[in-house]
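Asks: The sequence and its predicted three-dimensional model are supplied below.
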Amino acid sequence: MEVTGAVIRVNDRTFQVVVELVGDENDRENTVECEFTPESRAVLAALVPDQQVTIRGRCTGKIGRRVFVADAILVK
């Protein structure tokens, strides 16, 4: 799947990098969490809050107001 949205934050974790996107402009509590491999750190470090991006990955489910995307790739 592909998702386009505004970046909330980039979380650099030990074994992955997670980019959080706004899931609903009218309710910023709804988020999309996109999980990238550590090799993506350099490219993702340039992202800034509110920047519009498109990410492609595999939807792995939803918990509450969060949708999870694994195997993410930054498209633009």
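Replies: Perfect, thanks for sending it.

Asks: could I have the host helix or strand of V67 exported to PDB, CA atoms only?
Replies: Secondary structure assignment for V67, by DSSP states H and E: strand 66-74. Coordinates of the C-alpha atoms in strand 66-74 are reproduced here as PDB (Å, rounded to 0.1, in the frame of the first residue of the first chain):
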ATOM      1  CA  ARG A  66      -2.600   3.800  15.000                       C
ATOM      2  CA  VAL A  67      -2.100   2.000  11.700                       C
ATOM      3  CA  PHE A  68       1.200   0.100  11.200                       C
ATOM      4  CA  VAL A  69       3.200  -0.200   8.000                       C
ATOM      5  CA  ALA A  70       6.200  -2.600   7.800                       C
ATOM      6  CA  ASP A  71       8.900  -2.900   5.100                       C
ATOM      7  CA  ALA A  72       8.500   0.800   4.400                       C
ATOM      8  CA  ILE A  73      10.200   2.600   1.500                       C
ATOM      9  CA  LEU A  74      10.200   6.400   1.000                       C
END
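
Asks: Quick check: neighbours of that strand in the sheet, parallel or antiparallel?
Replies: Strands flanking strand 66-74 in the sheet, each with its direction: strand 31-36 (parallel), strand 52-63 (antiparallel) (DSSP bridges).

Asks: What residues sit buried inside it?
Replies: Neighbour counts using 16 or more other C-beta atoms under 10 Å place 67-69, 72, 74 of strand 66-74 among the buried residues. To be clear about C-beta, it is placed using only N, CA and C from the backbone, and glycine gets the same treatment.
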